[in-house]
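Q: Model the structure of this input:
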Amino acid sequence: MAAVDFDLSPDHELIRRTVREFAEGEVAPVAEELDRTKSFPYEIVEKLGKLNLMGIPFPEEYGGGGGDTLAYALAVEELTRVDSSVAITLCAHTSLGTQPVYLFGSEEQKHEWLPRLCSGERLGAFGLTEPEAGSDAGNVRTRANLADGEWTINGSKQFITNAGTDISGIVCITAVTGGEGNGIDPTHPKEISNIIVPNGAPGYEQGEPYRKMGWNASDTRPLTFTDCRVHEENLLGPRGQGFKQFLHILDIGRIGVAAMGVGLAQGALDEALSYAKQRKAFGKSISKFQAIQSKLADMSTEIEAGRLLVYKAAREKDSGRNFTLTAAQAKLKTGRLAVRCAEEAVQIHGGYGFIEEYPVCRFYRDAKILTIGEGTDEVQQMVIARALGA
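A: Got it, this is the predicted structure:
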């Protein structure tokens, strides 16, 4: 019987080490300031692009890094260990903004957009969520009508990442392009398609950034389309295939967000352990107290379990197997794990955990969205149950 290999390959170890050094040397020193000033990390994104990290899982022929999903997950994990805003910028750009073009775009669309997206010259975004289409993702209200070689789009999107920066390039949006009876999904009879909308398209407007609990250095805002016009050729893949397309994109996105959960939990443990070793009470380091040791031990054990689940989902995708179940399990597990570990890290810090200068305070604020974004915990449970045949 063949042994199960849990070791990373030399190439994957190199990715981990490279991104860890970058995160600790370039991101960690400015993370608190970026969060406090709510400043988008333009310089960091530029450096990530030069390291070929903005397009890790895409082929070199399109300007990508030529890596795989596991390499991408490792990069996201290491960035999130020090800052979630930078990590989600990379994550949303790669999983949600660039993947639709790579997976469903024509060769012309790929060659037009992928080199600029993979280099970090331009950021990609994905416009799915609407006021009436959150967990019920098929309830899209944005409409696109085709006439005289152009799509005319009317509607709105909300909670969209990366669409409003100075380097934003495109948003791939879902829109209703026809009536009932398309036969794609009997529970969602509307014809839904995905369309590329470039920044600067007439009628496309980015709203003001949201005031958020966390991810303060990430760009998140609503989008409005008022008689927005784009070329007919901006359709992604066959007309009416949008529902299937975005479900697949969400599966891929869950691997990235799950990697963020592991990274944040690991960062919280790192900070908690370091603080516990330094902080003294009753004549000794608090790391020597059994209550603190129990917290650290539980955090470490759960993180390792979550990490293996994320890596399994990434390997399943890379091997061409169905990864829907494992991706949802990983997302559910690590989102909750991030919240618990951030809370325990704050508790171990005591009063200092409530002070913004300490990273665990930021981790605590950043963690909660990991149980909501890319499908809430309740949606993950529904996906898992369906995959189990329940």
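
Q: Now do the contacts for A281.
A: Under the criterion of Cβ atoms under 8 Å, 6 or more residues apart in numbering, the contact list for A281 reads F289. For glycine as for every other residue, the C-beta is placed from the backbone atoms N, C-alpha and C.

Q: Using PDB, write out every CA atom in stretch 21-34.
A: Output in PDB follows, covering the C-alpha atoms of stretch 21-34 (Å, rounded to 0.1, in the frame of the first residue of the first chain):
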ATOM      1  CA  GLU A  21      10.000  36.300   3.800                       C
ATOM      2  CA  PHE A  22       8.100  38.800   1.800                       C
ATOM      3  CA  ALA A  23       5.200  38.900   4.200                       C
ATOM      4  CA  GLU A  24       7.500  39.400   7.300                       C
ATOM      5  CA  GLY A  25       9.800  41.900   5.500                       C
ATOM      6  CA  GLU A  26       7.400  44.000   3.400                       C
ATOM      7  CA  VAL A  27       3.900  43.500   4.800                       C
ATOM      8  CA  ALA A  28       4.200  43.100   8.500                       C
ATOM      9  CA  PRO A  29       6.000  46.400   9.100                       C
ATOM     10  CA  VAL A  30       3.200  48.500   7.500                       C
ATOM     11  CA  ALA A  31       0.100  46.400   8.200                       C
ATOM     12  CA  GLU A  32      -1.000  48.300  11.300                       C
ATOM     13  CA  GLU A  33      -0.600  51.700   9.500                       C
ATOM     14  CA  LEU A  34      -2.500  50.500   6.400                       C
END
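
Q: Mind checking the pLDDT average for it?
A: Average pLDDT, stretch 21-34: 98.

Q: Stretch 172-179 too?
A: 93.

Q: Show residues contacting that stretch.
A: The contact list for stretch 172-179, computed with Cβ under 8 Å, 6+ apart, reads 96-97, 100-101, 124-128, 140-146, 151, 153, 155, 157, 190-197, 223, 225, 236, 239-240, 242, 246.

Q: Which stretches in the chain count as helices?
A: Here the chain has its helices, by DSSP state H, at 10-22, 28-37, 42-50, 69-80, 84-91, 99-104, 107-118, 242-278, 290-318, 324-349, 359-367, 377-387.

Q: what comes into contact with the shortest one?
A: Okay, so that is helix 99-104. Outside of helix 99-104, the residues that reach it under the criterion Cβ under 8 Å, 6+ apart are 58, 62, 109-110, 113-114, 117, 124, 126, 170, 172, 194, 196, 236-237, 241, 245-246, 248-249, 252-253.

Q: Filter these down to the buried ones and hand me the ChimeraX line.
A: Selecting only the buried members of the contacts of helix 99-104 in ChimeraX, with burial defined as 16 or more other Cβ atoms under 10 Å, works like this:
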select :58,62,109,110,113,114,117,124,126,170,172,194,196,236,237,241,245,246,249,252,253
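
Q: Nearest spatial neighbour of D270, chain-adjacent residues omitted?
A: In space, not counting the residues next to it along the chain, D270 is nearest to R81; the distance is 6.9 Å by Cβ to Cβ, 6 or more residues apart in numbering.

Q: Please report how far the one you found lies from R36.
A: The gap separating R81 from R36 is 19 Å, by Cβ to Cβ, to the nearest Å.

Q: Just give me the neighbour total for R17.
A: When neighbours are counted by other Cβ atoms under 10 Å, R17 registers 12.

Q: Looking only at neighbour counts, state which of R81 and R36 leads.
A: Neighbours were tallied for R81 and for R36 using other Cβ under 10 Å; the higher tally belongs to R81 (28 against 13).

Q: Show me the domain layout of this protein.
A: In the assignment given by automatic domain parsing, the structural domains of the chain cover 10-123, 124-240, 244-387.

Q: For V4, which of the ones you listed is the nearest?
A: Closest to V4 of the domains of the chain is domain 244-387 (Cβ to Cβ; 10.3 Å).

Q: Next, give phi and psi for D148.
A: Note on D148: backbone dihedrals following degrees, to the nearest 10 are phi 50, psi 40.

Q: can you count the residues close to T18?
A: Burial of T18, expressed as a neighbour count using other Cβ under 10 Å, amounts to 16.

Q: ugh, wrong one, Q266
A: Residue crowding around Q266 was assessed by other Cβ under 10 Å; the count is 23.

Q: who's in contact with it?
A: With Cβ under 8 Å, 6+ apart as the criterion, the residues that contact Q266 are E77, R81, I303, R307.

Q: Quick one: neighbours of the first one, just the number.
A: Think E77. Burial measure for E77: 29 neighbouring residues, criterion other Cβ under 10 Å.

Q: tell me the contacts of it?
A: Contacts here follow Cβ under 8 Å, 6+ apart; on that basis E77 touches A259, M260, V262, G263, Q266, R307, V310.

Q: Repeat that for the second one.
A: Remark: with contacts taken as Cβ under 8 Å, 6+ apart, R81 is in contact with R20, A23, G263, L264, Q266, G267, D270.

Q: hmm, try it at 7 Å
A: When the contact criterion is Cβ atoms under 7 Å, 6 or more residues apart in numbering, the partners of R81 are A23, G263, Q266, G267, D270.

Q: looking at it, the fourth one is touching L79, isn't it?
A: No: if you go by Cβ atoms under 7 Å, G267 and L79 don't touch, sitting 9.9 Å apart.

Q: if we can go back for a sec, how about the domains of the chain in JSON lines, adding distance to V4?
A: JSON lines is the format used below for these (distance: least, Cβ to Cβ, whole Å):
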{"stretch": "domain 10-123", "distance to V4": "15"}
{"stretch": "domain 124-240", "distance to V4": "34"}
{"stretch": "domain 244-387", "distance to V4": "10"}
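
Q: mean pLDDT lowest for which of the ones you listed?
A: When the domains of the chain are ranked by mean pLDDT, domain 124-240 comes last with a mean of 92.

Q: What's the separation between the spatially most central residue of the chain and E357?
A: In the chain, the residue lying closest to the centroid (Cα atoms, centre = their mean) is C91, at 3.8 Å. Using Cβ to Cβ, C91 is found at 26 Å from E357.
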